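# Next comes the sequence, and after it the predicted model I'd like to discuss.
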Amino acid sequence: MTLGELAGQGWMQLGELGLAFVLSALIGLEREIRQKAAGLRTYTLVGVAAALFMLVSKYGFMDVLETYRVVLDPSRVAAQVVSGIGFIGAGVIFMRRDVVRGLTTAASVWVTAALGMACGAGLPILAVATTVAHFIVMLVFPKLVERLPKPRRITNDLQISYQMGGVFSVRS
């Protein structure tokens with residue numbers, strides 16, 4: 001059996017997953033350069049996971065559907081998993097003193113759910129490809145981020161003095 005003979009797991013689908021990877025990484029790179037809370041890794045994981053969820057919904061249930069007759073709607077299962085994993089991911093995101101923690105962890109949970117769905121739906125090549133993408137994001141991207149140009153930090157000194165009589169003066 002060749003790659004093209006596996007239902008919903010041909011070069012076209014790998015290309016779609018790859019395109020999601022590249023486009024999501026480009027958006028994440030832009031966010032990383034701007035030092036936003038969610039950056040290169042988070043955006044890439046979310047994009048790849050969303051593509052995999054879509055591919056699972058499109059191709060993962062062909063063996064239980066008949067032409068011109070809906071036996072069941074398997075895409076409802078995928079939709080419910082996506083919603084449920086969103087709640088789990090929200091539970092690992094923390095904010096303390098204007099610093100957000102856990103976004104990449106939440107995205108990793110989401111991508112793991114997507115590849116689990118792919119495996120369960122009989123789409124192992126997509127699941128393996130997504131796992132490889134995950135390890136590239138987690139192991140290679142941090143080294144890439146270290147090489148990005150760092151924006152200059154602008155600092156302002158603020159001096160506040162209080163004078164008797166209730167008059168404030170502020171110099172910046």
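Here it is on my side, so go on.
# the strands in this protein, which residues?
94-96, 99-101, 159-163, 167-171 (DSSP state E).
# need the contact list for Gln9.
Gln9 is in contact with Leu3, Tyr59, Leu123, Pro124, Ile125, Leu126, counting by Cβ atoms under 8 Å, 6 or more residues apart in numbering. C-betas here are computed from N, CA, C, even on glycine.
# Those, buried ones only, as a ChimeraX selection?
Entered in ChimeraX, the line below selects the buried ones among the contacts of Gln9, by 16 or more other Cβ atoms under 10 Å:
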select :59,123,125,126
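# hang on, the earlier thing: with respect to the strands of the chain, which exhibits the lowest mean confidence?
Ranked by mean pLDDT, the strands of the chain end with strand 167-171 at the bottom, a mean of 56.
# Apart from its chain neighbours, what residue comes closest to the most centrally placed residue in the chain?
Residue closest to the average C-alpha location in the chain (Cα atoms, centre = their mean): Val46, at 1.7 Å. Excluding its sequence neighbours, the residue lying closest to Val46 (Cβ to Cβ, 6 or more residues apart in numbering) is Ala107, at 5.1 Å.
# show me what contacts that neighbour?
Arg41, Thr42, Leu45, Val46, Ala49, Gly89.
# Closest one of the residues you listed to Tyr68?
Ala49 (32.2 Å; Cβ to Cβ).
# pretty sure that closest one contacts Ala118?
No - with contact defined as Cβ atoms under 8 Å, Ala49 does not reach Ala118; the gap is 10.3 Å.
# who touches both of the two?
Overlap of the contact sets of Ala49 and Ala118 (by Cβ under 8 Å, 6+ apart) consists of Thr130.
# quick one: low-confidence parts of this structure?
Filtered on pLDDT under 70, the chain yields the residue ranges 1-5, 63-65, 69-72, 74, 158-172.
# can you point me to the longest helix in it?
helix 11-33 (DSSP state H).
# Pull out the buried positions in it.
For helix 11-33, by 16+ other Cβ under 10 Å, it's Gln13, Glu16, Leu17, Ala20, Phe21, Ser24, Ala25, Ile27, Gly28, Leu29, Arg31, Glu32.
# now stretch 86-94
Per 16+ other Cβ under 10 Å, stretch 86-94 contains these buried residues: Gly89, Ile93.
# Run the chain-centre distance for that stretch.
Per Cα atoms, centre = their mean, to the nearest Å, the displacement of stretch 86-94 from the mean C-alpha position of its chain is 13 Å.
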